[in-house]
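# no sequence for this one, just the structure:
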């Protein structure tokens, strides 16, 4: 049921694939026993008639085609009349050549079937018009222009009503064409629609529909690329724009294969110009796209190609009133140089890069040349016109290869991105690990430093405080014989020292008052035991952020020393401890904010000796000075400022913030 | 039910001696305490224990107590166990934790568990007996470090355990270094009254601690039931 398919030559494999689709399901129609008639012979006659328009019936024909004297001669179908002359401007206005073909259809091909009989002409081709007569009546004629006359659409005529069932039928085909351009008629099929529709459909699909579908799909991709270019145009990614232009160029270049039986609505000359521009533009776009994708640069060639494009575009403009029908073959030759440029660039790129998409692309470009020559031969009637035009598939092949190359690049870019991500993650992990190691080391160092400081601090405290108290106790016990021994008193002082050391470790939250409170709590039993009144006149103070355990102990020891001195040496009866906020006192005052702690007593006035004059006996005093210095604090002893009263005032100024 | 014991009623002119027991593992301290208590006419030393085991045994005996002087760090366990046993056996008795300096955190925990006072081990014997007397009379001691820690612990509790205005003021003043006598002067109350304020604060701490424990237990029960 597919006699036509075998004639498609190397398109057989596509036909086979399509057949599986066409013959399965409703497209194949109901099976029928009636065999169609395949007419491979005809009578031909070159009529002297000089009119373009076909007569409505053969009786009305002015050239008496039905006359018995008509000199028919037998020809084989497909029948081609070769171009005899070079196209000239004169041809366009001359009267046409008219050729008649007469075909006899046996009656058995016209048996009654549900769908009725059809006439199927796979292809006719010329620059002119065609008409089909059944039993002398006009059943079909071409429309549109003489150039774009739907040559790529198979003729499919319903003979119902024109062909009586089971009776022989006489079919005439009239072709009127420009002088000397030649023409061709393929074999003709007559038979039931059920038997012929499959091959008709297959041919229609391969010649026009598939081309239209793929063109549409690629145009969508092109528009998508245009949108991409528009969105990302600040990045100068001109490849997307080229891709869009390529899809448009291909569409225009293949448009004339899709011309149907009706008039175009566009002047022939402009339509031809558009298709030419499409082909030429496609080559130019392919060139630039190839250069871009393969990273090649041919600046001079690119300029030359652009100049060539615009020159041809201008020269071929239909405004110059050149007879385009005559010029068309010449203009087709203009497509060759850019195509050769693309070929050489594609081959160079494939040779240099040797990646499979580039090789495939170059292969497709190379393949396009034999295919183009195949189409040219068809156009010149050098090979059977029942072949299918392959140029649209060449375009699609090139386009597909560009897509593949783009896809491969995208894949590579993705792979590279993934790899760089992985590398980044690895580096990050390594750095994190390094950081952890460094952090661990730092922590260890910090810990050691803290321990060292703590050890030094404890050593100092032991030495200055508990240690010296214990040594005093030892000396006292050793010298028991003469001095009045108060070992208990020394031990109490020792315990007080310890208590104060431990209190300094209590977190004080920068609260000096809490620190002073703990000092009072520890020392007041001893002061009260000695009959001293301690007046507590403290007020709220701003926090001292630097008051850590070490600094707290310095403050405690300074005040402890001062209070103990008063207790031991001043014979005072009242001690007043007060606090206030104040700037750093003169002479070395620099206006820094701070707090004051004043210890006032009513005992013997105390004047501290000059630092140089300090004997080992005044170790307590020198301790005070050292600690004050460490704190960045300031201290003074002065006589009581209350008139008529003895005593002295110790003032400790502490900064709010330590440098 | 197990509210802090009130001062024993004073009957007639001769108040009954305060019945005291001592749990202390350090021999010298125990001896010093025993001496101090025995030499005070208004004190009666009921028994002495040097370990938790001895203390538990003595607690079961039929010797009623007013005050238990309790060392927290015992060789065979925590003094807090003895505290719990005492509260069951002699609910009216009051616990006084004996401690060395710088141990405010432990003392506060003991107070939360039911102790009403503390005794510094390095106090002179006479002062020690004064402290016991004051505790028996319904007052409790406090120091700046404890006051500082108590303030935030009670501030965010339920309304029935928040300190009253006076109690809060007391805690603030003590934390700033004022003695209880100075606080009493400032508030215009007696030295004894101000000490009863302290005890009331301790009772609130104990109530809050119990409520917390109950809440925790209930949450645990819920989570087990769920």
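Received the coordinates, thanks. Not measured: the values here are computed from a predicted model.
# which residues touch the residue nearest the centre of chain B?
Nearest residue to the geometric centre of chain B (C-alpha atoms, centre = their mean): residue B:116, 2.0 Å. Counting by C-beta atoms under 8 Å, 6 or more residues apart in numbering or on different chains, residue B:116 makes contact with B:4, B:94, B:95, B:96, B:135, B:140, B:199, B:202. Every residue, glycine included, has its C-beta placed from N, CA and C.
# which ones among those map onto strands?
Mapping the contacts of residue B:116 onto strands (DSSP state E) picks out B:94, B:95, B:96.
# quick one: which of the residues you listed is nearest residue A:282?
residue B:95 (103.5 Å; C-beta to C-beta).
# isn't the closest one right up against residue B:84?
No - Residue B:95 is beyond contact range of residue B:84, at 10.0 Å (criterion: C-beta atoms under 8 Å).
# intersection of neighbour lists for these two?
Both residue B:95 and residue B:84 are in contact with residue B:114, where contact means C-beta under 8 Å, 6+ apart.
# residues in contact with stretch B:170-189: which ones?
Against stretch B:170-189 from outside (C-beta under 8 Å, 6+ apart): A:513-514, A:516-521, A:524, A:536, A:538, B:141-144, B:147-148, B:150-151, B:163, B:166, B:169, B:190-191, B:193-195, B:197-198, B:201.
# any idea of the mean pLDDT in that stretch?
Average pLDDT, stretch B:170-189: 92.
# and it, how far apart are its ends?
From its first residue to its last, stretch B:170-189 covers 12 Å (C-alpha to C-alpha, to the nearest Å).
# so which bits of it are buried?
B:170-171, B:173-180, B:182-184, B:189 (16 or more other C-beta atoms under 10 Å in any protein chain shown).
# now swap in stretch A:65-85 and tell me
A:65, A:75, A:77, A:78, A:79, A:80, A:81, A:83.
# what do you get for stretch A:408-422?
residue A:408.
# so how far is it off the chain centroid?
Taking the mean of its C-alpha atoms, stretch A:408-422 sits 11 Å from the chain's own mean (C-alpha atoms, centre = their mean, to the nearest Å).
# contact partners of it?
Contacts for stretch A:408-422 (C-beta under 8 Å, 6+ apart): A:293, A:355, A:356, A:357.
# I'd guessed residue A:402 sits against residue A:364; true?
No - look at residue A:402 against residue A:364 with C-beta under 8 Å: they stay out of range, at 9.3 Å.
# ok, the two, which is more surrounded?
Each of residue A:402 and residue A:364 has its neighbours counted (other C-beta atoms under 10 Å in any protein chain shown); residue A:402 has more, 24 against 21.
# touching, residue A:561 and residue A:625? I think so.
No - Residue A:561 is not in contact with residue A:625 according to C-beta under 8 Å; the separation is 10.5 Å.
# when these two are compared, which one has more neighbours?
residue A:561 (18 against 15).
# now the more buried one. Nearest residue, chain neighbours left out?
residue A:620 (4.8 Å; C-beta to C-beta, 6 or more residues apart in numbering or on different chains).
# so where's the stretch 51-200 of chain A uncertain?
A:84-92 (pLDDT under 70).
# in it, which residue sits nearest chain B?
Taking C-beta to the nearest C-beta as the measure, the stretch 51-200 of chain A has residue A:198 as its residue closest to chain B, at 74.6 Å.
# confirm that residue sits in a strand?
No - if the criterion is DSSP: H, G, I helix; E, B strand; the rest coil, then residue A:198 is helix and not within a strand.
# count of neighbours near it?
If you count neighbours by other C-beta under 10 Å, residue A:198 ends up with 21.
# distance check, it against residue A:36.
11 Å (C-beta to C-beta, to the nearest Å).
# could you give me the average pLDDT of stretch B:82-99?
Mean pLDDT, computed over stretch B:82-99, is 91.
# and for stretch A:318-338?
Stretch A:318-338 shows an average pLDDT of 72 in the prediction.
# which stretches in chain B count as strands?
Taking DSSP E as the test, the strands found in chain B are B:18-23, B:43-49, B:67-71, B:73-74, B:77-78, B:94-99, B:117-120.
# next one: the nearest residue in space to residue A:147 that is not next to it in sequence relative to chain B, how far apart?
Spatially, and ignoring its direct neighbours in sequence, residue A:147 is nearest to residue A:268 (5.1 Å; C-beta to C-beta, 6+ apart). If you measure residue A:268 against chain B using C-beta to the nearest C-beta, to the nearest Å, the figure is 88 Å.
# what's the local residue count around residue A:268?
Counted with other C-beta under 10 Å, residue A:268 comes out at 18.
# surely it is in contact with residue A:127?
No - with contact defined as C-beta under 8 Å, residue A:268 does not reach residue A:127; the gap is 10.5 Å.
# contacting residues around whichever residue of chain A sits closest to chain B?
The minimum distance from chain A to chain B, using C-beta to the nearest C-beta, falls at residue A:517 (3.2 Å). For residue A:517, the contacting residues are B:144, B:148, B:174, B:175, B:176, B:177, B:178, by C-beta under 8 Å, 6+ apart.
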